[in-house]
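>>> coords below, sequence missing:
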């Protein structure tokens, strides 16, 4: 989604001509995942294309789109460097927490990183935290650029909040979490903390299934107070955030922290983690906790639930904080990087 939103803003510029390159797909993407630029397709399906890129450095992107000046890999799936190459690295969590990833995932990320160390001219990092990780992984300072991402928030209306609460039978106050269900998102810590909250408060979990996490087992001790909604559309997610008493995102490690900004943009008080990029994104507009200490998570949530003045202050500072993260700023920095490389061969 970050690549789509960045491309959407870049298309407004008259100094750039963008074309996407993708693997062969059997069906078009869903509307919300449709790029705002022309897309040309290479002959291989996605998994085979990534394997070919990483192992034999073929096929070149030019096979699909013709000559280009700069190549931008928006994930660590690394195409051959036939022209100056920009790479966006969203995080290097697989180096810190390999057990949180599948064996196939670890192999893919390791090979992509090795290719990036050899071939990428510029590395775009969405947070200072990721930039420091890239430096530690072996990228020289001269190749690293800090390019924060943006967030596009439309505050949900009271009617939208009321409708979504009725749809999901959310009759009681609730705390919310959103993300892909995977170990580093730390649902274990959140659910442990939640058990200590007042029984009249529910917990709403939103997001698709991921990997290496048994959500049914985690939820079982508090099943009567937890609503597992799975994937929901963005507008519904935003309304759910707006209706929550607090948003809790105690992730072990993040590259940026979209859910934190999205909740702040809805005026919802946030609890999130120290020591990862969510601290950088949230600044002083959230309560920061050690994600490995369930007691800290629970104490922070109780402070918000019990202190209306604190909740109102966090809502106000959160809205202002989220407003500073725009896709226009992201796109401008990306365009600067393209220009920087445009004269190289």
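Received, thanks. The model shown is predicted, which means the values in this text are computed figures rather than measured ones.

>>> contacts, neighbours, all on C-alpha from now
Will do.

>>> where does pLDDT dip in this protein?
By pLDDT under 70, the low-scoring segments of the chain are 343-345.

>>> please parse it into its domains.
Taking automatic domain parsing as the reference, the chain has its domains at 2-150+327-342, 158-323.

>>> tabulate those in a markdown table, adding columns for mean neighbour count.
Listed next are the domains of the chain as a markdown table, based on neighbours: other CA atoms under 10 Å:
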| stretch | mean neighbour count |
| --- | --- |
| domain 2-150+327-342 | 17 |
| domain 158-323 | 19 |
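
>>> what pairs with the lengthiest strand in the chain, parallel or antiparallel?
The longest strand of the chain (DSSP state E) is strand 39-45. Strand 39-45 sits in its sheet next to strand 20-24 (parallel), going by DSSP bridges.

>>> what comes into contact with the strand it pairs with?
For strand 20-24, contacts defined as CA atoms under 8 Å, 6 or more residues apart in numbering pick out 35, 37-46, 49, 61, 64-65.

>>> closest to residue 269 out of the residues you listed?
For the contacts of strand 20-24, the closest approach to residue 269 (CA to CA) belongs to residue 35, at 32.5 Å.

>>> ignoring the adjacent residues along the chain, who's closest to that closest one?
Leaving aside its sequence neighbours, residue 35 sits nearest to residue 4 (CA to CA, 6 or more residues apart in numbering; 5.5 Å).

>>> re the thing from before, ok, so of the contacts of strand 20-24, who is nearest residue 312?
Relative to residue 312, the closest of the contacts of strand 20-24 is residue 35; by CA to CA it sits at 37.7 Å.

>>> from residue 337, how far off is that closest one?
Residue 35 is 21 Å from residue 337, where distance means CA to CA, to the nearest Å.

>>> what does residue 233 give?
Residue 233 sits 33 Å away from residue 337, going by CA to CA.

>>> so how far is stretch 302-314 off the chain centroid?
Chain-centre distance of stretch 302-314: 26 Å, with CA atoms, centre = their mean, to the nearest Å.

>>> distance between the ends of that stretch?
14 Å.

>>> and what of stretch 251-270?
Stretch 251-270 has an end-to-end distance of 13 Å (criterion: CA to CA).
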